[in-house]
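Asker: 3D model of this:
(chains A and B)
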Amino acid sequence: MLKRFLMAGLSGAALLATMPMSFAAEETGSGTLYGDMQTVTQDMLDRAAGDGNNYLHTNGDYAQTRYYPASQINIANVRDLRPAWIFQTEVVDSMETTPIVVNGVMYVTTSFNHVYALDARTGEEIWHYKHNMGPITTYCCGPNNRGVAVYGDMVYMGTLDAKMVGLDAKTGKLVWETELADPELGYSETMAPTVVDGKVLIGTNGGEYGIRGFVKALDWKTGEVLWTFHTTPENSVGEWTTHDATGRDMLRDIEAEKKALEEMGDPYETLGGGVWQNPAVDKETGRIFFVVGNPSPDLDGSLRPGDNLYTDSLVSVDLETGEYVCHFQYIAHDVWDLDAVSPPILVDVMNDAGEMVPGVLHGGKTGHVYVHNRDDCSLIRHSEAMVPQENMWVLPTAEGERMLPGANGGVEWSPMAVNESLGLTYAINLHQPMTYHVESTPYPEGKLWLGGAFKVIPEERQWGNVTAVDYHTGDIRWKVKTEQPMIGGILATAGGLVFTGEGNGQFKAYDAETGSQLWKFQAGAGVNAPPSSYTVEGQQYIVVAAGGNAQLDYKRGNNIIAFTLGD
Amino acid sequence: MKLSSFGAGLGLLLVLGTGALAQDEQTMEELVELCTTCHGEEGRPIEPDYPIIWGQEFYYLYVQLKDYKSGRRANEIMQPIVEELSKDQMKAVAQVFADKEWPRIGFAAEESDIKSGQTAASAGQCTQCHLGGYNGNSRNPRLAGQNPAYLERTMLEFKDKTRLNAPDKGALFRAYDDADITAMANFMAGM
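Answerer: You can find the predicted model right below:
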């Protein structure tokens, strides 16, 4: 096993020559020291992919690989992984936070927008910030928060009442607060921001409430809005596309839609298009890549004729200006909420001519991994389906139509990870059979606006899986079934491992190459948050939140659990 | 609506007189007293299918008052009461009741209702909005410990289109049979 790990898990010759005893020395030698509360520089953020001490971005680095470069914890010793400490927050509710670690200080968030700074060695609290929440919050899937972004001497968080707050990283005191949108109209924030070149980037929730989606860039020091990209352009009609990204007919009635367009005009103002997860940043080209969620109302297409651009799409815009660069729409005129939410990943991929080109990966709620050309957003390939697909694309009816996947996916908001040396991306999936019901109602002014209902079929078995996809071919390399639908996220490491958690409280490590389960821990509450990793004083840790999940009603908790190797 | 319930509310309105509802004359104290007459001195409503509003979410209460006034939520008792209220008065009275402690009605659901009610609620993904424990938040009401008859009536009124002010609820409850709705009401009321 160790031999295979040496061959496949690591490509660096220097590491190969010195493994395994020098894992820790290799990583800590190039890192920063604990305890100086050092300012997070742009250079640190740029180099995060090779930083085996800190964990500076929600998805690991600007490419969002979720591949952690430390390998002290690896396939040969992961069986010795033990809890180092457990921190319990004040809020017992759904946890989706990715712990961020800067020089031995960890920042985590909870539902309802609490932020904690912790000593990453011991779990001791340094400070605790509670957002002064306004009386109006609007969200579809739990009062979640997915974590902070760090830059300079600041920590940033989006809030359920649609604000962005900038905090002093040393004290947790509020430095500035900016209202991003009106929560009464359905806007809210659950995603973690991304900071790059002095800009704090943030999208919005609200695709279930008839919002007009956006990505905004704020000045890191003042909170001033520098630019806004609306995810639903004033001409959202598109090209009347009849087939999805995989070539399946979506059974659109184009003539009826054209007639509706004439009568009601372009629906862009209440068309939804939330952005749930962080953009990937390509510093070389100065572009960001994000995915846009479903159109509003979710199930009723009769009120929104056209392709509903740029919902259900990968979109790229210019980092400096927010100007549109390119997009690719997976499902035009979606009436199933099988949209795009898992954050995109930037890696080099093989194109159809066998050449390696800059690419983008996205794990869809459809259950496919989509592989794009980064230059123009075009689709190179899609993977095999990771979950059963049946009856696609049957149109929703008043009585309800059964179709798989159910409306939670496939891959929900859960970020994927990659191991580039293996050419694999790792996704966690749901199998949750549902019926899709449509019922047309006019825009209810900021109230839930699904245009019908999704209903889980209680008699049918639900389950999940962890799937490794070869993104150069689209083939599934391995798949491990789990007893419950999966939501949360995944982390790959240079130790040849992938870590992910389940709704039943199990937190597991798998062999990145084969999918063999190598370790598990029962956390006592649903582990439905993306793990991260860090190294302090020569000791590598894996850390994850165990707070359950509101969306799937997994057992709630309030634990942040850090693991390290036992003696 | 039960005739007796309607009669109680109507009688109250007659006692206070419609003039008392004019916003200029009506003090918050009078308004709260008026609400209390039906919703209960200690937060326990006088009829089993009237809702508990003590400790309910502020924003939910405020939106319901607005919806009664606009006609989005039809109710023969509530509409004349809110007709003359300003937004500020509606917010103020909503806050008064939101700040009170939720009363325990001590309803115990049958095991069979707990099991089937929980399954039915999971199918509707109810905790996505009403949260774990069905305690509600902001625009989504607390359901846990609510009067079971009120919960049942509300879901049935969404289902039969009597209540229209949360349109997606109608689509959802039309996908349930009445037995599931009764079980969900009892399950949540017993929490």
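
Asker: all helices in chain A, in order from the N-terminus.
Answerer: Secondary structure of chain A (DSSP state H): helices located at A:2-4, A:13-18, A:23-28, A:42-46, A:254-264.

Asker: quick one: low-confidence parts of the chain?
Answerer: This is for chain A. In the predicted model of chain A, residues A:1-37 satisfy pLDDT under 70.

Asker: switch to chain B, that's the one I care about
Answerer: B:1-26.

Asker: try 90 this time
Answerer: When the per-residue scores of chain B are filtered using pLDDT under 90, the ranges that remain are B:1-27, B:41, B:71-72, B:167.

Asker: which bits of it sit near chain A?
Answerer: With C-beta under 8 Å from any C-beta of the partner chain as the criterion, chain B comes near chain A at residues B:58-59, B:119-120, B:122-125, B:127-129, B:131-132, B:137-139, B:165-168, B:170-172, B:174-175. Using the backbone N, CA and C atoms, a C-beta is placed for each residue, glycine as well.

Asker: how about 7 Å then?
Answerer: On the criterion C-beta under 7 Å from any C-beta of the partner chain, chain A has as its neighbours in chain B the residues B:58-59, B:119, B:122-125, B:127-128, B:131-132, B:137-139, B:166-168, B:170-172, B:175.

Asker: and the strands in the stretch 101-250 of chain A?
Answerer: With strands called from DSSP state E, counting those that start in this stretch, the stretch 101-250 of chain A shows them at A:105-109, A:114-119, A:125-130, A:149-151, A:154-158, A:163-168, A:174-179, A:194-196, A:199-202, A:214-219, A:225-230.

Asker: how about the ones you listed in JSON lines, adding distance to chain B?
Answerer: Conversion of those to JSON lines gives the following (distance: least, C-beta to the nearest C-beta, whole Å):
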{"stretch": "strand A:105-109", "distance to chain B": "17"}
{"stretch": "strand A:114-119", "distance to chain B": "15"}
{"stretch": "strand A:125-130", "distance to chain B": "15"}
{"stretch": "strand A:149-151", "distance to chain B": "25"}
{"stretch": "strand A:154-158", "distance to chain B": "16"}
{"stretch": "strand A:163-168", "distance to chain B": "14"}
{"stretch": "strand A:174-179", "distance to chain B": "16"}
{"stretch": "strand A:194-196", "distance to chain B": "26"}
{"stretch": "strand A:199-202", "distance to chain B": "21"}
{"stretch": "strand A:214-219", "distance to chain B": "22"}
{"stretch": "strand A:225-230", "distance to chain B": "25"}
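
Asker: any idea which residue sits dead centre in the chain?
Answerer: Assuming you mean chain A. The central residue of chain A, meaning the one whose C-alpha is nearest the mean C-alpha position (C-alpha atoms, centre = their mean), is A:Pro415 at 3.7 Å.

Asker: nope, chain B please
Answerer: Of all residues in chain B, the one closest to the mean position by C-alpha atoms, centre = their mean is B:Pro51, 4.0 Å from it.

Asker: skipping adjacent residues, who's closest to that residue in space?
Answerer: Spatially, and ignoring its direct neighbours in sequence, B:Pro51 is nearest to B:Tyr150 (4.7 Å; C-beta to C-beta, 6 or more residues apart in numbering or on different chains).

Asker: next secondary structure element downstream of the host helix or strand of the one you found?
Answerer: With secondary structure defined by DSSP states H and E, B:Tyr150 is part of helix B:148-159. Moving toward the C-terminus from helix B:148-159, the next helix or strand (DSSP H and E) is helix B:167-173.

Asker: surely A:Trp519 touches A:Ala76?
Answerer: No. With contacts counted by C-beta atoms under 7 Å, A:Trp519 stays clear of A:Ala76, the gap being 11.6 Å.

Asker: now A:Asp161, nearest residue through space, not along the chain?
Answerer: A:Gly134 (4.1 Å).

Asker: for the one you found, grab the count of nearby residues.
Answerer: 16 (other C-beta atoms under 10 Å in any protein chain shown).

Asker: right, and it touches A:Ala162 too?
Answerer: No. Proximity of A:Gly134 to A:Ala162 does not meet the contact threshold set by C-beta under 7 Å, at 8.7 Å.

Asker: need the overlap of contacts for these two.
Answerer: A:Pro183 (C-beta atoms under 7 Å, 6 or more residues apart in numbering or on different chains).

Asker: residues contacting the residue nearest to B:Pro51?
Answerer: Applying C-beta under 7 Å, 6+ apart, we find B:Tyr150 in contact with B:49-51.

Asker: distance-wise, check it relative to B:His39.
Answerer: 11 Å (C-beta to C-beta, to the nearest Å).

Asker: overlap in contacts, the two.
Answerer: Contacts common to B:Tyr150 and B:His39, judged by C-beta under 7 Å, 6+ apart, are B:Tyr50.

Asker: can you give me the strands for chain B?
Answerer: For chain B, none of the segments meets the definition of strands by DSSP state E.

Asker: and it, what are its domain boundaries?
Answerer: By the assignment in automatic domain parsing, chain B contains the domains B:5-98, B:111-189.

Asker: go through those and pick out the most buried.
Answerer: Across the domains of chain B, averaging neighbours per residue (mean count of other C-beta atoms under 10 Å in any protein chain shown) puts domain B:111-189 on top, at a mean of 20.

Asker: as JSON lines, the contacts of B:Tyr150 with distance to A:Leu167 would be great.
Answerer: Written out in JSON lines, the entries for the contacts of B:Tyr150 read as follows (distance: C-beta to C-beta, whole Å):
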{"residue": "B:Asp49", "distance to A:Leu167": "47"}
{"residue": "B:Tyr50", "distance to A:Leu167": "45"}
{"residue": "B:Pro51", "distance to A:Leu167": "40"}
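
Asker: closest one to A:Val360 out of those, please.
Answerer: Nearest to A:Val360 among those: B:Pro51, at 50.1 Å, using C-beta to C-beta.

Asker: is it true that that closest one touches B:Pro148?
Answerer: No. If you go by C-beta under 7 Å, B:Pro51 and B:Pro148 don't touch, sitting 11.3 Å apart.

Asker: if I look at the closest residue to the residue nearest to the centre of chain A other than its chain neighbours, how far off is A:Ser342?
Answerer: Counting by C-beta to C-beta, 6+ apart, A:Pro415 lies nearest to A:Gly489, which is 4.6 Å off, once chain neighbours are set aside. A:Gly489 sits 9 Å away from A:Ser342 when distances are taken as C-beta to C-beta.

Asker: which of those two has more residues huddled nearby?
Answerer: Neighbours were tallied for A:Gly489 and for A:Ser342 using other C-beta under 10 Å; the higher tally belongs to A:Gly489 (33 against 26).
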